[in-house]
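Undergrad: Give me coordinates for this.
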Amino acid sequence: MNRLKEYNIQFVGLEPGNHQFEFEVNDSFFEHFEFSQIQHGKIHVTVDLEKMERMMIFNIGIEGEALVTCDRCTEEFNFPISDTQQLIVKLGAEYMEESEDVVIIPETDYQFDLSTYIYEFIHLALPVRLLHPDDENGNSTCDPDMLRLLETLTPTGDTLDPRWEALKKLNTDQ
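TA: Purely as a prediction, here's the structure:
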């Protein structure tokens, strides 16, 4: 049984035109996705569906925050998420992903499950590197103890790995 059935949009029976849907994504949503980068969050999702005879255009807005781990100090913090994405769904003979934002589903389908796409769009809204935001003075809000530890582990300009010197010689020998 699909426990994320509330994210299914039953499009058969909908008149052509625009239709709006709203969803609340919370911790129980993320539990359904193994190895998710996000385990906790509260995100409001708005879906504007433009239904046509053989195609649907989903404009999906995401607004909220997720608890993430800082890549620098490994402390968790709430990261604001705000994004919009578009997904085009066409009716065809069988399921096929035409591109990253165009999907073909069988003509016999009567509903479309948005849960995986919502999950992916939330993760796409995250930056590649997650860091605590700086304060109003431009100072890091990361854990100060971890920052001190990282400072002691950072090599100085005087220390150069001898393997790099050997590689530099190879480059100049050409």
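
Undergrad: Once you drop chain neighbours, what's closest to the residue sitting nearest the centre point of the chain?
TA: Central residue of the chain (Cα atoms, centre = their mean): residue 123, 0.9 Å from the mean position. Closest residue to residue 123 apart from its sequence neighbours, by Cβ to Cβ, 6 or more residues apart in numbering: residue 37 at 6.2 Å. (Glycine included, C-beta is placed from N, CA and C.)

Undergrad: what residues are up against the one you found?
TA: Residues near residue 37 by Cβ atoms under 8 Å, 6 or more residues apart in numbering: 68, 123, 126.

Undergrad: any idea how far it lies from residue 128?
TA: Note on residue 37: its distance to residue 128, by Cβ to Cβ, to the nearest Å, is 12 Å.

Undergrad: In the protein, where is pLDDT below threshold?
TA: Low-confidence segments of the chain, defined by pLDDT under 70: 1-3, 154-160, 171-174.

Undergrad: Can you tell me the SS state at the residue nearest to residue 123?
TA: At residue 37 the chain is in coil, as set by DSSP: H, G, I helix; E, B strand; the rest coil.

Undergrad: That one and residue 127, how far apart?
TA: 12 Å.
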